[in-house]
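**Q** predicted model, plus sequence, below.
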Amino acid sequence: MIRVGCCGYPVSVKKYQEVFNLVELNSTFYKYPRTSTVIKWRSSAPEEFEFTVKAHQDISHRYRLQVDSVTEPFNRMKEICHILDANILLIQTPASFRPDSLDVAERFFREVSRNGLTLVWETRGDLWERSDARSRLREVLEKFEVPHVTDPFRTLPLYVSGDVAYFRLHGLGERMYYYQYTNDELRKLYDIVKGFSSERVYILFNNLSMFEDALRFINFLRDGEFPSLTGSYGLDSVKAVIRRTRYPSSKSMLVKRVGWRLFEVEDGVQMRLSDLLRDIPAKTYENPDEVLREIERVWRR
């Protein structure tokens with residue numbers, strides 16, 4: 001079963017839970033919530049709504065998986081998971097946690113008391129992509145049954161369990177998170193993940209348009225087709241995107257703020273807004289109508 005959600009709430013909790021039945025709680029990485037707050041999160045969510053939880057940075061960044069130091073923070077995370085009926089705890093280590101620390105990680109996964117909790121691990125940094133590091137990492141993951149968390153567009157996991165495969169999508173742009181997935185990319189995502197035989201395949205979007213992208217992906221899984229991005233095409237679709245940002249705005253700021261977004265040229269044909277914005281004059285625009293007049297000139301060429 002493919003389960004789709006977002007890393008954190010990109011919209012209000014009420015609106016989110018009306019359309020999704022899964023969220024990865026990210027706030028727990030930065031702050032330990034009060035027990036009363038966690039109880040409220042669970043009691044106010046629909047019965048079938050599932051939480052996964054990102055472990056506090058004390059575990060991954062402050063104590064860096066040193067098992068002698070993480071007992072208290074790890075127990076606090078287990079209690080949060082217990083209250084939420086969450087079965088998965090995500091450990092995300094920083095890029096500074098390198099392959100030469102694998103012995104530390106191995107001891108951590110061997111000695112922490114999971115109490116039935118599934119631990120999944122997202123490594124970060126280019127050093128983990130070296131063949132020798134991947135070979136050793138695979139051994140540790142398989143030995144302790146820790147599913148490897150990856151962005152499937154960048155690399156495939158070295159290990160997934162029969163129960164869980166877990167993916168986090170951060171975007172494919174030059175800047176992490178500043179990205180909107182095309183229909184073709186979401187089709188490719190499905191082609192990748194459908195090959196995993198785990199009982200539960202988790203797809204967590206973690207880009208700036210994650211709410212829209214996750215909904216579009218769910219629609220595709222359900223109906224085999226994608227909804228329109230804006231409900232319009234051509235310049236009307238451009239207009240819907242351009243009006244979302246703040247003014248006055250320079251050309252460079254427009255490219256930064258909305259250039260990564262998509263618009264629909266026609267049914268089934270998408271372009272990135274930066275393809276139009278790069279050809280408009282470099283100046284400060286006071287309102288969206290000024291931008292649209294320049295874009296229309298580019299469009300008519």
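**A** Looks like it arrived, so ask away.

**Q** residue ranges of the helices in the stretch 101-250 of the chain, please?
**A** Applying DSSP state H, counting those that start in this stretch to the stretch 101-250 of the chain gives helices spanning 102-111, 131-143, 183-193, 210-223, 234-242.

**Q** wait, which of those helices is closest to E18?
**A** Closest approach to E18 among those is made by helix 210-223 (11.1 Å; C-beta to C-beta). Quick note: C-beta positions are derived from backbone N, CA and C, even for glycine.

**Q** export only the CA atoms of the closest one, formatted as CSV.
**A** Extracted in CSV, the C-alpha atoms of helix 210-223 (Å, rounded to 0.1, in the frame of the first residue of the first chain):
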residue,chain,number,x,y,z
MET,A,210,4.3,19.7,-1.2
PHE,A,211,0.6,20.1,-0.4
GLU,A,212,-0.3,20.5,-4.1
ASP,A,213,2.2,17.9,-5.3
ALA,A,214,1.1,15.3,-2.8
LEU,A,215,-2.6,15.9,-3.7
ARG,A,216,-1.8,15.5,-7.4
PHE,A,217,0.1,12.3,-6.7
ILE,A,218,-2.8,10.9,-4.7
ASN,A,219,-5.2,11.8,-7.5
PHE,A,220,-3.0,10.0,-10.0
LEU,A,221,-2.9,6.9,-7.8
ARG,A,222,-6.7,6.9,-7.4
ASP,A,223,-7.8,8.0,-10.9
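
**Q** surely I280 is within a strand?
**A** No: applying DSSP: H, G, I helix; E, B strand; the rest coil, one finds I280 to be coil, outside a strand.

**Q** which non-adjacent residue is nearest it?
**A** Residue nearest to I280 in three dimensions, not counting chain neighbours: E294, with 4.0 Å by C-beta to C-beta, 6 or more residues apart in numbering.

**Q** list the contacts for that neighbour?
**A** By C-beta atoms under 8 Å, 6 or more residues apart in numbering, the contact list for E294 reads 280-281, 285.

**Q** which among these end up buried?
**A** Neighbour counting over these (16 or more other C-beta atoms under 10 Å) leaves 280, 285 as the buried ones.

**Q** now, which of the contacts of E294 sits nearest N26?
**A** Relative to N26, and with distances defined as C-beta to C-beta, the nearest of the contacts of E294 is Y285, at 34.0 Å.

**Q** for that closest one, give its distance to I88.
**A** 45 Å (C-beta to C-beta, to the nearest Å).

**Q** next: R216.
**A** 24 Å.

**Q** count the neighbours of E145 for me.
**A** 16 (other C-beta atoms under 10 Å).

**Q** let me know the pLDDT of it.
**A** If you check E145, the pLDDT there is 97.

**Q** spatially nearest residue to it (excluding sequence neighbours)?
**A** Nearest to E145 is S161, by C-beta to C-beta, 6+ apart, at 5.6 Å.

**Q** any idea how far W260 is from that neighbour?
**A** 34 Å.

**Q** more neighbours: those two, which one.
**A** The neighbour comparison of S161 against W260 (other C-beta under 10 Å) goes to W260, with 22 against 18.

**Q** you'd agree that one is up against S274?
**A** Yes: with contact defined as C-beta atoms under 8 Å, W260 and S274 form a contacting pair (6.8 Å).

**Q** residue ranges with poor pLDDT in the stretch 1-150 of the chain?
**A** Within the stretch 1-150 of the chain, no range satisfies pLDDT under 70.

**Q** which residue lies nearest the spatial centre of the protein?
**A** Centroid-nearest residue in the chain, with C-alpha atoms, centre = their mean: N206, separated by 2.1 Å.

**Q** can you pull the contacts of it?
**A** Residues near N206 by C-beta under 8 Å, 6+ apart: 6-8, 168-171, 177.

**Q** bridged to the closest residue to it other than its chain neighbours, which residues?
**A** Using C-beta to C-beta, 6+ apart and skipping the chain neighbours, the partner closest in space to N206 is C7 (3.9 Å). Under the criterion DSSP bridges, C7 forms beta bridges with E24.

**Q** rewinding a little: for T123, find the nearest of the helices of the stretch 101-250 of the chain.
**A** Nearest of the helices of the stretch 101-250 of the chain (C-beta to C-beta): helix 131-143, 6.9 Å.

**Q** for the closest one, what is the distance to the chain centroid?
**A** For helix 131-143, the separation from the chain centroid amounts to 24 Å (computed by C-alpha atoms, centre = their mean, to the nearest Å).

**Q** which ones are touching the residue nearest to F263 when sequence neighbours are not counted?
**A** Distances taken as C-beta to C-beta, 6+ apart put S237 closest to F263, at 4.1 Å, once the chain neighbours are dropped. Residues near S237 by C-beta under 8 Å, 6+ apart: 229-230, 263-265.

**Q** now, those that are in strands?
**A** Assignment to strands by DSSP state E places the following of those there: 263-265.
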